[in-house]
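Participant: Sequence first, then the predicted structure:
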Amino acid sequence: MKREEIFEKLNGVFQDVFDDKSITVNEKTTADDIEQWDSLEHINLILAVETEFGMKFTIGETTTMHNVGEMADIILQRIS
Amino acid sequence: MQLNSYTPETLLRKYKLLRREMLAENIQWLDKRIAILGGSTTTDIRKMLELFLLSYGIREEFYESEYGQYWQDAMFGTQELLEFHPDIIFIHTSNRNITQYPIASDDTQTVNALLEAEYNKFSAMWDKLAADYKCPIIQNNFEYPFWRLLGNADASFVSGRVNFITRLNLKFAEYAQSHSNFYINDINWLSADYGLEAWSAPYYWHMYKYALALPAIPRLGESVANIIKSIYGKNKKAFALDLDNTLWGGIVGDDGVENLQIGQETSIGQVYSEFQQYLKAHEQIGVILNVVSKNETENALAGLKRPDSILKPEDFIAIKANWNPKSENLQEIAQELSLLPESFVFIDDNPAERAIINQEFPLVPTPEMGRPENYIKAIDRGGYFEVTSLTKDDISRGIMYKDNAARSKQQASFTNYEEYLRSLEMRAEIKPFIPIYFSRIAQLTNKSNQFNLTTLRCTQEEIQHFAENPNYITLYGKLQDKFGDNGVVSVVIGEIKGTELHIRLWLMSCRVLKRDMEFAMMRELVREASCQGMKTIYGYYYPTAKNKMVQSFYEKQGFTKQQEDKEGNVVWSLDIASGYQGKETAIHIN
């Protein structure tokens, strides 16, 4: 899967979880950029991403990801 | 909306959208306030509970305790919780909340003391909550631990954790058996059914302090929602069952009755036999069975009369086997039984038939059946008939509907309806509420929608309060006739204000429609009110989507319309100071 495709799918996940069709994410997107993205929504976001790509994050990864770019890195690594 | 068709992951991902869509539905919501007292994180538990309750027509406000503060909130209260006035309290605890487990070398006496201490921590909390809030309490029991120090002996040694949790769960169940407004949410079973390993995934505990895996939370929310909807009388009441390839393998009209797959000879026959046994067991909890099948009646009956068929024709209240659309047949059965179509669960192996019912009656569940060996699971996981109380009435409901069928036959032999009523030899018991009927009365206030003037819903505690308060006149009506006992079928609550009596609740079960029971009730109410010096009775009609049949109830009872607002709420009055002439009925009272 190409990096662009991953971002396309991620957009769908973010739009669903935050119920906002206008959201698009990029390499630099962080929780600060999306108003509703708090620690509680983070849980659902992670599960939704895992389900979308059929993979699991480790506890270490879940706590140290800084932005969506890093999330995409892990996904790419895991599914290729 | 039927949520069962979504995966747990989708429910979590699309929570906001689903919530928005359901709230936009134009239905008559039942509004409830629910307090969640948690021993671990509850955010997504609240959300999933909310979705399932919305799907049952219950709209809710929530109170959530601060993280892990369930016990403190219950024992010491918070201003916020007190002001919240919960209708329901749900205590979400898990084996993570057990204070002290035995250690392997502990003797029986030590373990017993630990068990008592753990149990007392909980039971003191339930007693306190019941006293402070007087509302139903729902309590999780405990899931098994996901590791076993003693291996299999964890279950048999008195110091084993599995043994300890098993005993604790039994004590919780005993508390539920002796306290009427207390319900166990059985996470012990739920986690076993889900898979204990997946349910207990430690990732979610260490990451977010969730006592169960996030994908398991929809199941938990659904389970709690099922208890709540059952408490508020929103259970389903009846099955509408297809025959060919649903109750037996094969098509009776094509294959012939002798070639149907049922009975112990073949594996597939055994599958259908077990499914029939599962359906028949529902008679024990008062769920009534009906057939809706595209078939010649003769063939349908031949199939059910096979000696190896578990279900016999007499197990069904109505059998509609014809070539009319199933939606029409369902509508007809509902009418004959005085039930709403949405009280039925529609069981059919054919997706096309299910789709039509879905279209015509969106509130009728049409579970996706899958393969025959999965039929039981497909129905059972729906929680359509969740039992929160089992009254004598529930147990004998099937008999009552059969009695009704006998009455209809009798009616057909009379040309004059009055004569028919007299032939029934009806006897009524109409008296102030007494404790043995409190639970049935509360159940009726929550279940009755059609013959219900104000749709006032009451808990058992509230019923007791009305019964004991001298400012209220209460009456229940029980009706018997030569065909059988209908049980308690009518409930009236009037509030005394000086010389006025205001009827706060008037309902009657539709199973005794057109028997003049409402006139007998009114006579007794007027008599009681007169004895207590009342001069005027006020009746209220509050329209809902379902109670149109009683729109002119008070007019028929001789009341005069006083006022009506633009929502259609009507106030009626009846002067009883100058004597009252009620309608003569064929019912002998008391």
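Facilitator: Received, thanks.

Participant: Apart from its neighbours in sequence, what residue is nearest residue 18?
Facilitator: Defaulting to chain A. A:Gln36 (4.9 Å; Cβ to Cβ, 6 or more residues apart in numbering or on different chains). Just so you know, the C-beta spots here come from the backbone N, C-alpha and C atoms, and that holds for glycine as well.

Participant: Hmm, no, I was thinking of chain B.
Facilitator: B:Leu51 (5.8 Å).

Participant: helices and strands around the one helix or strand that neighbour maps to, which ones?
Facilitator: Using DSSP states H and E, the element containing B:Leu51 is helix B:43-55. On a contact count with 3 or more Cβ pairs under 8 Å, 6 or more residues apart in numbering or on different chains; DSSP states H and E, helix B:43-55 meets helix A:39-53, helix B:8-13, helix B:15-23, strand B:30-38, strand B:58-64, helix B:217-231.

Participant: That one relative to helix A:39-53, how many degrees between them?
Facilitator: 80 degrees (axes from the mean of the first three to the mean of the last three Cα atoms, to 10 degrees).

Participant: tell me the angle of helix B:43-55 relative to helix B:217-231?
Facilitator: 40 degrees.

Participant: Output the helices and strands packed on helix B:43-55 in a markdown table, with mean pLDDT, mean neighbour count and distance to B:Asn358 appended to each entry.
Facilitator: Formatted as a markdown table, the helices and strands packed on helix B:43-55 follow (pLDDT from 0 to 100; neighbours: other Cβ atoms under 10 Å in any protein chain shown; distance: least, Cβ to Cβ, whole Å):
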| stretch | mean pLDDT | mean neighbour count | distance to B:Asn358 |
| --- | --- | --- | --- |
| helix A:39-53 | 91 | 19 | 27 |
| helix B:8-13 | 95 | 20 | 19 |
| helix B:15-23 | 95 | 16 | 16 |
| strand B:30-38 | 96 | 21 | 23 |
| strand B:58-64 | 95 | 17 | 21 |
| helix B:217-231 | 97 | 23 | 20 |
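
Participant: ok, longest strand in chain B?
Facilitator: strand B:484-497 (DSSP state E).

Participant: And the helix or strand that that one is followed by, what's buried?
Facilitator: For strand B:484-497, the following helix or strand on the C-terminal side (DSSP H and E) is strand B:500-508. For strand B:500-508, the buried set under the neighbour-count rule, 16 or more other Cβ atoms under 10 Å in any protein chain shown, comprises B:Leu501, B:His502, B:Ile503, B:Arg504, B:Leu505, B:Trp506, B:Leu507, B:Met508.

Participant: for those, which one is nearest B:Tyr194?
Facilitator: B:Tyr194 has its nearest neighbour among these in B:Leu507, at 39.7 Å by Cβ to Cβ.

Participant: so the closest one touches B:Val489, yeah?
Facilitator: No - taking contacts as Cβ atoms under 8 Å, B:Leu507 lies outside contact range of B:Val489: 9.2 Å.

Participant: which residues do the two both contact?
Facilitator: Counting by Cβ atoms under 8 Å, 6 or more residues apart in numbering or on different chains, the contacts common to B:Leu507 and B:Val489 are B:Leu444.

Participant: Count the neighbours of B:Thr246 for me.
Facilitator: 21 (other Cβ atoms under 10 Å in any protein chain shown).

Participant: State the number of residues packed around B:Leu421.
Facilitator: By other Cβ under 10 Å, neighbour count at B:Leu421 equals 19.

Participant: which ones are touching it?
Facilitator: B:Arg515, B:Asp516, B:Thr585, B:Ala586.

Participant: Could you do B:Ala467 as well?
Facilitator: B:Pro432, B:Phe433, B:Ile434, B:Pro435, B:Phe438, B:Thr474.

Participant: re the thing from before, mind giving me TSV with the helices and strands packed on helix B:43-55 and columns for distance to B:Gly253?
Facilitator: Converted to TSV, the helices and strands packed on helix B:43-55 look like this (distance: least, Cβ to Cβ, whole Å):
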stretch	distance to B:Gly253
helix A:39-53	45
helix B:8-13	40
helix B:15-23	41
strand B:30-38	44
strand B:58-64	43
helix B:217-231	38
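
Participant: export the lowest-mean-pLDDT helix or strand in chain A as PDB, just CAs?
Facilitator: The helix or strand of chain A with the lowest confidence, counting by mean pLDDT, DSSP states H and E, is helix A:59-64 at a mean of 86. Below are the C-alpha coordinates for helix A:59-64, written out as PDB (Å, rounded to 0.1, in the frame of the first residue of the first chain):
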ATOM      1  CA  ILE A  59       1.700  -0.100  24.100                       C
ATOM      2  CA  GLY A  60       5.000   1.700  23.400                       C
ATOM      3  CA  GLU A  61       3.900   2.900  20.000                       C
ATOM      4  CA  THR A  62       0.500   4.100  21.200                       C
ATOM      5  CA  THR A  63       2.100   6.300  23.800                       C
ATOM      6  CA  THR A  64       5.000   7.700  21.800                       C
END
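
Participant: what comes into contact with the next helix or strand after it?
Facilitator: Per DSSP H and E, the first helix or strand lying C-terminal to helix A:59-64 is helix A:68-79. Contact with helix A:68-79 is made by A:1, A:3, A:6-7, A:10, A:25-30, A:49, A:53-55, A:57, A:61, A:65, as judged by Cβ under 8 Å, 6+ apart.

Participant: Looking at the residues you listed, which are in helices?
Facilitator: A:Arg3, A:Ile6, A:Phe7, A:Leu10, A:Val49, A:Phe53, A:Glu61 (DSSP state H).

Participant: Got a quick ChimeraX command for the buried subset of the residues you listed?
Facilitator: In ChimeraX, this line selects whichever of the ones in helices among the contacts of helix A:68-79 come out buried by 16+ other Cβ under 10 Å:
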select /A:6,7,10,49,53
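
Participant: contacting residues for the residue nearest to B:Leu18?
Facilitator: Counted by Cβ under 8 Å, 6+ apart, B:Leu51 has contacts B:Leu3, B:Leu11, B:Tyr15, B:Leu18, B:Arg19, B:Met22, B:Pro218, B:Gly221.

Participant: Repeat the analysis, applying 7 Å as the threshold.
Facilitator: Taking Cβ atoms under 7 Å, 6 or more residues apart in numbering or on different chains as the contact definition, B:Leu51 lies against B:Leu3, B:Leu11, B:Tyr15, B:Leu18, B:Arg19, B:Gly221.

Participant: got those residues as JSON lines, with distance to B:Asp106 columns?
Facilitator: Output for those, formatted as JSON lines (distance: Cβ to Cβ, whole Å):
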{"residue": "B:Leu3", "distance to B:Asp106": "45"}
{"residue": "B:Leu11", "distance to B:Asp106": "42"}
{"residue": "B:Tyr15", "distance to B:Asp106": "44"}
{"residue": "B:Leu18", "distance to B:Asp106": "48"}
{"residue": "B:Arg19", "distance to B:Asp106": "48"}
{"residue": "B:Gly221", "distance to B:Asp106": "37"}
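
Participant: now, among these, which is nearest to chain A?
Facilitator: The shortest approach to chain A among the contacts of B:Leu51 belongs to B:Tyr15, at 7.4 Å (Cβ to the nearest Cβ).
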